[in-house]
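[1] following is a predicted model, sequence given first.
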Amino acid sequence: MSNNEPDNLLNVKFISPFEIFFEGKANSVSAKDASGPFDILPGHSNFVGLISSGDVEVVSSDGPKSIGVSKGIIYVNDDVVEVFANI
């Protein structure tokens, strides 16, 4: 990659209708759905899912950031993770 960043990171955008919680590169995203907790890592399969109430954790080079959500949607496509919270 021309910008000298490792290519084994996720591009994460975590937003709500009124706030951007996180936007940038991350090592992982962890959340919970009706089946239980799950993790998104680089190379994860593409999917769309519903996030249950609780904390979503984004781990980046700055460390973990935990964000409480009442509900949300997560979209994963080719190492791009978009989380739409509290909608």
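    Alright, I've got the coordinates.

[2] C-alpha from now on. contacts and neighbour counts both.
    Will do.

[3] what comes into contact with stretch 73-83?
    With contact meaning C-alpha atoms under 8 Å, 6 or more residues apart in numbering, stretch 73-83 is reached by 9-15, 41-51, 72, 84-85.

[4] give me the pLDDT value at the residue positioned nearest the centre of the chain.
    What sits nearest the mean C-alpha location of the chain, by C-alpha atoms, centre = their mean, is Val29, with 4.3 Å. Per-residue confidence for Val29 comes out at a pLDDT of 98.

[5] how near is Phe18 to Pro64?
    Remark: distance between Phe18 and Pro64 (C-alpha to C-alpha, to the nearest Å) = 22 Å.

[6] between those two, tell me which one has more neighbours.
    Remark: of Phe18 and Pro64, Pro64 carries more neighbours, 14 against 8, as counted by other C-alpha atoms under 10 Å.

[7] where in the protein is pLDDT low?
    Applying pLDDT under 70 to the chain flags the ranges 1-7.

[8] where along it do the strands fall?
    Secondary structure of the chain, counting by DSSP state E: strands at 10-16, 19-26, 28-33, 36-40, 47-51, 54-60, 63-69, 72-77, 80-85.

[9] if we can go back for a sec, correct me, but the residue nearest to the centre of the chain touches Gly63?
    No: judged on C-alpha atoms under 8 Å, Val29 makes no contact with Gly63 at a distance of 11.9 Å.

[10] if we can go back for a sec, out of the contacts of stretch 73-83, which end up buried?
    9-15, 41-42, 50-51, 72, 84-85 (16 or more other C-alpha atoms under 10 Å).

[11] pick the one among those residues closest to Phe22.
    Distances from Phe22 to the buried ones among the contacts of stretch 73-83, taken as C-alpha to C-alpha, are shortest for Phe14 (5.0 Å).

[12] against Pro42, how distant is the closest residue to that closest one other than its chain neighbours?
    Excluding the flanking residues, the one nearest Phe14 by C-alpha to C-alpha, 6 or more residues apart in numbering is Val83, at 4.6 Å. According to C-alpha to C-alpha, Val83 and Pro42 sit 16 Å apart.
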